[in-house]
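A.B. asks: Below are the sequence and a predicted model for it; my questions follow.
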Amino acid sequence: MTETATPSPAQPAPAPGTPPAPKRSGGGLLRSSAIFSGLTLVSRVMGLVRDLVVTARLGASATIAADAYYTALAFPNLFRRIFAEGAFAAAFVPAYSRRLAGEGEADADRFAADALATVAVATVAVMLVAQLAMPWLMYVINPGYADQPEKFRLAWMLTQVTMPYLPCMAIAALFSGILNARGKFIVSAAYPTVLNLVMLAVVLPQTDPVRAAWWASGAVVIAGIGQAGICWWGARRSGARLRLVRPRLTPEMKALVKLAVPAAIANSATQINIFISGILASQIAGMRVWMNVADRLYQLPMSLVGVAIGVALLPRLSQALQRDDHDDAQAAMDQGVVFALALSLPAAAALMALPVYLIDGLFTRDQFTAVDAAATGQLLFHYGWGVPAFVLLRILQPAFFARQDTRTPMRFSLISVGVNIVLGIALFYAIGFQGVAIATSVAAWISVLQMWVSLTRRGDWRPSPRTISRIVRIALASAALGGALFAANLFRADIEAAVGAVLPFGVKEISIVLVCSAGLALYPALLFAFGGLTPAEAKAALRRRRGDPPAAPADLS
């Protein structure tokens with residue numbers, strides 16, 4: 001599948017008396033999400049391969065290199081996720097989309113050029129301050145490293161190397177937002193793969209853990225430059241023409257910043273919670289690696305489902321509200337929530353049924369030991385039951401953002417961060433490192449509950465009886481899947497013995513792949529059997545019906 005390079009024409013505002021635009025079929029949102037998710041899946045699979053190589057080369061609790069490297073990766077990634085997945089998704093995309101549909105391409109691109117200059121200067125300033133202050137910041141980021149001078153020094157030096165990744169990703173996020181607003185999301189979904197390819201190329205030949213950490217940190221910056229360049233190229237091919245301008249704090253930029261700051265805070269609660277967890281993790285050797293490996297698996301459904309639907313949902317909601325079409329806004333939310341839970345609940349069931357089996361089967365080799373796998377599995381179990389909440393946050397937040405309300409989600413997110421800090425510290429010292437994952441999942445569910453109740457009370461969205469029935473049926477199908485996978489976990493030795501009788505190599509890796517493949521094949525049958533989804537609905541959701549109108553530039557269909 002390829003994108004057309006033809007620029008999307010601007011859509012003029014409807015004249016008075018013009019009939020409302022025809023509604024899009026429900027499949028539009030799901031097809032948009034499916035395309036984005038499919039490309040994200042490629043990137044995530046490549047990311048998994050990257051992490052398999054990195055953990056094998058750098059290890060976990062047995063070396064200083066792994067904790068130092070993952071610290072260096074976590075700090076710019078915190079800001080990347082706040083800026084890239086928060087502020088621009090919530091503030092820039094709707095603003096650019098409105099200008100593209102109303103004032104035309106020239107005005108929209110002028111606005112984007114000012115935004116590019118502003119975000120570039122802001123993130124470069126953050127990068128420089130962080131690099132200069134990093135030896136002192138490390139006492140705050142990882143106080144547990146202070147009594148290990150060699151690890152402490154390596155961590156702050158590597159973090160100085162990786163910080164330029166932040167402005168690269170902020171710039172890439174802006175161009176990605178332009179692509180999404182123009183209905184082009186192949187490039188924006190595929191560009192993260194560049195990081196995985198560059199990392200594999202430089203880390204695979206390494207044998208010394210510390211040397212591998214240095215090469216991996218340098219590769220992060222090289223990949224960031226490449227990712228920003230690819231997104232710029234994609235935006236230009238889509239018809240966007242941005243000139244380099246000096247940063248100006250125009251009234252438009254002030255309005256954008258006013259929306260972006262609370263939106264960034266609201267959208268980054270999970271990331272801030274993870275970052276706070278990392279501070280506690282610095283006190284246990286290898287825990288940063290355990291958290292990163294667990295993060296790789298439980299973030300997969302959030303990336304494939306939550307981010308994909310969120311990207312497609314925000315423009316559709318904005319367009320429906322602009323038309324004052326409450327029915328279409330309600331339908332979009334219903335479809336988004338059902339689709340999100342149909343994919344995140346079975347993922348949660350699998351992570352909770354097979355935590356150690358998954359980690360040991362995929363990651364245990366070379367420097368990453370069975371002890372590391374067991375500890376990572378305990379974290380993964382508790383992150384697992386938080387997965388539906390992590391995904392729902394991505395679905396519920398656009399309902400606020402599309403209404404230009406970024407303060408309410410920000411308030412809920414601050415409450416979530418407070419809960420995570422208090423509960424995380426208490427549980428960490430009470431029951432050990434598992435308490436960090438428990439606190440993160442509890443905090444996410446509290447945010448979801450607050451948003452759900454707020455939308456219902458305000459009358460902005462209330463799940464229909466049919467939607468509630470679907471959610472119950474999906475939950476039953478997911479529980480049945482979890483039971484089947486737990487049974488497979490109990491018979492792991494027998495499964496591996498059967499694989500070993502046929503193949504003399506890769507027994508544990510192949511056995512876990514077979515179990516996961518069986519689960520993937522079983523779940524659709526369970527979903528159809530419990531009535532969570534019918535085969536006809538699944539097909540209809542992913543195809544354009546005859547007579548459907550073409551997508552407007554602001555729609556990601």
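C.D. replies: That came through, no problem. Numbering: from 1, shown residues only.
A.B. asks: any low-confidence regions in this protein?
C.D. replies: 1-40, 82-90, 263-271, 273-274, 302-322, 534-557 (pLDDT under 70).
A.B. asks: just how off-centre is the longest helix along it within its chain?
C.D. replies: Longest helix in the chain by number of residues, with DSSP state H as the criterion: helix 105-141. Taking C-alpha atoms, centre = their mean, to the nearest Å, one finds helix 105-141 lying 21 Å from the centre of the chain it belongs to.
A.B. asks: which outside residues touch the helix or strand just after that helix?
C.D. replies: Per DSSP states H and E, the first helix or strand lying C-terminal to helix 105-141 is helix 149-162. Residues from elsewhere that reach helix 149-162, judged by C-beta atoms under 8 Å, 6 or more residues apart in numbering: 64-65, 67-69, 71-73, 75-76, 130-131, 134-135, 137-138, 141-142, 145-146, 210, 213-214, 217-218, 220-221. Every C-beta, even on glycine, is put in place using the N, C-alpha and C of the backbone.
A.B. asks: repeat that with 6 Å
C.D. replies: Applying C-beta atoms under 6 Å, 6 or more residues apart in numbering, the external contacts of helix 149-162 come out as 64, 68, 71-72, 75-76, 131, 134-135, 138, 145, 217, 220.
A.B. asks: Buried among these? Need that as a selection in ChimeraX.
C.D. replies: The following ChimeraX line selects those of those that are buried, judged by 16 or more other C-beta atoms under 10 Å:
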select :64,68,71,72,75,76,131,134,138,145,217,220
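A.B. asks: could I get the contacts of helix 149-162 as a markdown table with distance to V257?
C.D. replies: Converted to a markdown table, these look like this (distance: C-beta to C-beta, whole Å):
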| residue | distance to V257 |
| --- | --- |
| I64 | 40 |
| A68 | 35 |
| T71 | 30 |
| A72 | 29 |
| F75 | 23 |
| P76 | 21 |
| Q131 | 24 |
| M134 | 26 |
| P135 | 31 |
| M138 | 29 |
| Y145 | 35 |
| S217 | 31 |
| V220 | 28 |
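A.B. asks: Out of the contacts of helix 149-162, which is nearest to A399?
C.D. replies: P76 (30.0 Å; C-beta to C-beta).
A.B. asks: quick check: angle from the helix or strand encompassing that closest one to helix 105-141?
C.D. replies: According to DSSP H and E, P76 maps onto helix 65-82. Helix 65-82 and helix 105-141 are oriented at 140 degrees to each other (axes from the mean of the first three to the mean of the last three C-alpha atoms, to 10 degrees).
A.B. asks: Direction-wise, compare helix 65-82 with helix 149-162 and give the angle.
C.D. replies: 40 degrees.
A.B. asks: got the contact list for the residue lying closest to I225 once chain neighbours are set aside?
C.D. replies: Spatial nearest neighbour of I225, excluding adjacent residues (C-beta to C-beta, 6 or more residues apart in numbering): C168 at 5.7 Å. C168 sits next to G224, I225, A228 when contact means C-beta under 6 Å, 6+ apart.
A.B. asks: got it, and F528?
C.D. replies: Under the criterion of C-beta under 6 Å, 6+ apart, F528 has no neighbours.
A.B. asks: Buried residues of stretch 218-230, list them for me.
C.D. replies: Quick answer for stretch 218-230 (16+ other C-beta under 10 Å): A219, V220, V221, I222, A223, G224, I225, G226, Q227, A228, G229, I230.
A.B. asks: Compute the number of surrounding residues for I431.
C.D. replies: 10 (other C-beta atoms under 10 Å).
A.B. asks: That one and I438, how far apart?
C.D. replies: Distance from I431 to I438, counting by C-beta to C-beta, to the nearest Å: 8 Å.
A.B. asks: and stretch 138-152, how far out from the chain's middle?
C.D. replies: So, by C-alpha atoms, centre = their mean, the centroid of stretch 138-152 is 28 Å from its chain's centroid.
A.B. asks: do stretch 157-172 as well
C.D. replies: From the chain centre to the centre of stretch 157-172 is a distance of 18 Å (C-alpha atoms, centre = their mean).
A.B. asks: And it, end to end?
C.D. replies: 25 Å (C-alpha to C-alpha, to the nearest Å).
A.B. asks: which residues touch F530?
C.D. replies: Contacts of F530 (C-beta under 6 Å, 6+ apart): R473, L476, A477.
A.B. asks: what's the answer for L423, then?
C.D. replies: Going by C-beta under 6 Å, 6+ apart, L423 touches A439.
A.B. asks: 7 Å - rerun?
C.D. replies: Shown in contact with L423 (C-beta atoms under 7 Å, 6 or more residues apart in numbering): A439, V442.
A.B. asks: Report the secondary structure state of it.
C.D. replies: At L423, secondary structure determined by DSSP: H, G, I helix; E, B strand; the rest coil is helix.
A.B. asks: For S441, see how far away it is.
C.D. replies: Relative to S441, and taking C-beta to C-beta, L423 is found at 10 Å.
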